[in-house]
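1. A predicted structure for the sequence below; I have some questions about it.
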Amino acid sequence: MEGEGLSVIYGHVAVVRRKGKIAFILLRTFDGEEQVTVKKGEVPEDLWQLVNELGREYFIKVKGRVVESSIAKLGREIIPQSIEVIAPSPPPPIDLYGKVEAEWPTRLKYRYLDIRRPKVKAIFRVRSTLMRAAREFLYKQGFVELNFPIIIATATEGGAELFPVQYFGRQAYLAQSGQLYKQSAVAAFGKVFSIAPSFRAEKSRTRKHLTEFWQIDAEVALVEPRDLMDLQFRLVNYIVERIVEENEKDLQLLGVKLEPWQSYQVITYDEALEILRRKGFNVEWGMDFGADEERALVSEFEEPFFIPQFPKEVTAFYYMVDRENPRMAHRIDFMGPGEYGVEWSSGGLREHDPERLTQRIREAGMNPESFSWYLDMFKYGFPPHGGFGMGVERLLQSLLRLERIHEAALYPRTPDIVEP
């Protein structure tokens with residue numbers, strides 16, 4: 001507010017419509033939109049001339065009276081006393097209102113403009129709520145938030161999916177996840193979590209893969225598989241509830257209707273194979289599910305579901321092998337349902353026996369000496385535990401029914417994309 005009965009509003013000029021002696025400026029503010037109505041003869045001549053010079057994406061300051069209007073689409077309009085150009089702009093290379101939809105590569109090239117589009121802004125307002133809601137929920141459950149190293153000396157998940165970095169003359173890597181450090185902390189705090197980026201040098205070019213992505217990572221001591229499933233289901237439902245409460249206008253703009261789920265299902269790995277074979281997939285026992293198989297699987301369900309065990313050959317070394325059925329490991333995948341369903345998280349029970357861990361590391365083709373500090377910590381009264389890593393972009397993509405995961409990242413990174 002500035003002056004009696006006057007408001008000051010800043011924003012980008014979306015469009016200027018002129019009808020004779022009246023001009024309407026649609027102003028895109030940080031929070032939404034405003035209509036500025038300028039009438040020739042009722043404002044100084046220099047102000048009227050300035051309106052005729054305004055172009056799209058000019059950033060301007062408007063001082064004037066906000067009045068109710070039954071004609072204006074927004075139900076109100078601003079009658080200006082003054083307009084000041086803060087920063088001019090050439091004509092933008094993409095349509096920021098989607099009347100002429102740009103191809104994704106063009107949108108990505110001008111991503112710094114693309115994120116000004118109302119629908120894109122809506123996606124990231126929802127993402128902000130998602131992140132905040134995850135923290136709220138986990139704090140309420142007694143978790144301690146910690147930050148784990150991004151630069152690490154050895155692989156977390158194994159394999160070749162590592163980004164190497166030079167670290168003062170020695171080899172280091174960007175973290176695939178905070179898994180090993182998260183486990184170290186659970187023995188001290190009982191319940192820990194982190195929301196942080198992860199980096200995986202996968203050459204996958206699918207609707208669900210990024211090379212840099214964010215995870216909600218949680219670990220709990222003295223937990224059973226059903227506890228982990230209940231925790232994740234309640235976490236997602238809490239996030240959905242908060243989005244519905246706080247992002248009503250954003251959901252309307254995106255054409256998305258959300259509501260919490262009443263329950264979840266649990267299917268076995270063998271039952272998942274049966275579904276896929278019925279759909280024509282040639283999946284042998286012991287194989288993991290690729291993007292096509294996963295899409296076919298989630299389309300069978302209308303509510304979230306878990307697969308609580310997988311063959312140990314397709315699980316990371318830190319997963320506990322089932323003591324009664326050593327072919328299987330306690331890896332728990334949490335799947336979102338329907339056409340836009342995707343794997344939301346992967347987690348499970350962890351192995352806390354250092355001898356069994358050492359053997360698993362060898363079976364994975366890695367050197368136990370590279371994990372000496374990690375193996376050593378399990379000698380000191382380490383409690384049974386489990387946890388999960390939930391992908392922020394994957395969850396957002398699924399909830400908002402986005403065609404590609406790239407749209408859930410402000411500046412996505414893939415094997416083909418490293419700028420802007």
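-> Nice, I can see it. Numbering: from 1, shown residues only.
2. make it CA atoms for all contacts and neighbour counts henceforth
-> Noted.
3. Quick one: mean pLDDT for stretch 215-226?
-> For stretch 215-226, the per-residue pLDDT values average out at 97.
4. Please identify the buried residues of that stretch?
-> By neighbour count on 16 or more other CA atoms under 10 Å, the buried set for stretch 215-226 is 215-221, 223, 225.
5. Filter those residues down to just the ones in strands.
-> Filtering those for membership in strands, criterion DSSP state E, returns 215-221.
6. Pipe these into a markdown table and attach distance to Ile60 per row.
-> Putting those into a markdown table (distance: CA to CA, whole Å) gives the following:
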| residue | distance to Ile60 |
| --- | --- |
| Gln215 | 38 |
| Ile216 | 39 |
| Asp217 | 42 |
| Ala218 | 45 |
| Glu219 | 49 |
| Val220 | 51 |
| Ala221 | 55 |
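7. which of those sit farthest apart?
-> Spatial extent of these (CA to CA) is set by the pair Gln215 and Ala221 at 19.6 Å.
8. doesn't Leu357 fall inside a helix?
-> Yes. If the criterion is DSSP: H, G, I helix; E, B strand; the rest coil, then Leu357 is within a helix.
9. count of residues packed around it?
-> Neighbour count of Leu357, defined by other CA atoms under 10 Å: 22.
10. Quick check, Leu276 in contact with Val298.
-> No. Between Leu276 and Val298 there is no contact under CA atoms under 8 Å: 10.3 Å.
11. Run through who's touching the helix or strand hosting Arg242.
-> Element membership of Arg242 [criterion: DSSP states H and E] is helix 225-246. With contacts defined as CA atoms under 8 Å, 6 or more residues apart in numbering, helix 225-246 is touched by 126, 129-130, 133-134, 137-138, 251, 258-261, 264, 306, 308, 330, 332, 334, 348-349, 386-388.
12. so what's the closest residue to Ile275 other than its chain neighbours up against?
-> Nearest-residue entry for Ile275: Leu297, 6.9 Å, with adjacent residues in sequence omitted and distances by CA to CA, 6 or more residues apart in numbering. Under the criterion of CA under 8 Å, 6+ apart, the contact list for Leu297 reads 272, 275-276.
13. what does Gly142 give?
-> Lys191.
14. The one 5 residues further on too?
-> If a contact means CA under 8 Å, 6+ apart, then Asn147 has 194-196 as its contacts.
15. do you know how far it is from Glu57?
-> In this structure, Asn147 lies at 39 Å from Glu57, with CA to CA, to the nearest Å as the measure.
16. same deal with Glu161?
-> Note on Glu161: its distance to Glu57, by CA to CA, is 42 Å.
17. The two: who's more crowded?
-> When neighbours are counted by other CA under 10 Å, Glu57 comes out ahead of the other of Glu161 and Glu57, with 22 against 16.
18. Now that that one has come up, it's in contact with Pro93, right?
-> No. With contact defined as CA under 8 Å, Glu57 and Pro93 do not form a contacting pair (11.0 Å).
19. rewinding a little: CA atoms only: put the helix holding Arg242 into CSV for me.
-> Only the C-alpha atoms of helix 225-246 are listed here, as CSV (Å, rounded to 0.1, in the frame of the first residue of the first chain):
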residue,chain,number,x,y,z
PRO,A,225,8.0,-54.2,6.7
ARG,A,226,4.4,-53.4,7.5
ASP,A,227,5.5,-50.4,9.5
LEU,A,228,7.5,-49.1,6.6
MET,A,229,4.5,-49.5,4.2
ASP,A,230,2.1,-47.8,6.6
LEU,A,231,4.6,-44.9,7.1
GLN,A,232,5.0,-44.3,3.4
PHE,A,233,1.3,-44.5,2.7
ARG,A,234,0.5,-42.0,5.4
LEU,A,235,3.3,-39.7,4.2
VAL,A,236,1.9,-39.6,0.7
ASN,A,237,-1.7,-39.1,2.0
TYR,A,238,-0.5,-36.2,4.2
ILE,A,239,1.2,-34.6,1.3
VAL,A,240,-1.9,-34.9,-0.8
GLU,A,241,-4.1,-33.5,1.9
ARG,A,242,-1.8,-30.4,2.3
ILE,A,243,-1.7,-29.8,-1.5
VAL,A,244,-5.5,-30.0,-1.6
GLU,A,245,-5.7,-27.5,1.2
GLU,A,246,-3.1,-25.0,0.0
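20. Report the buried residues of it.
-> Within helix 225-246, the residues that count as buried by 16+ other CA under 10 Å are 225, 228-229, 231-244.
21. what's in contact with whichever helix or strand comes after that helix?
-> Sequence order places helix 248-254 as the next helix or strand after helix 225-246, per DSSP H and E. Where contact means CA under 8 Å, 6+ apart, the residues beyond helix 248-254 that reach it are 119, 122-123, 125-126, 244, 257, 400.
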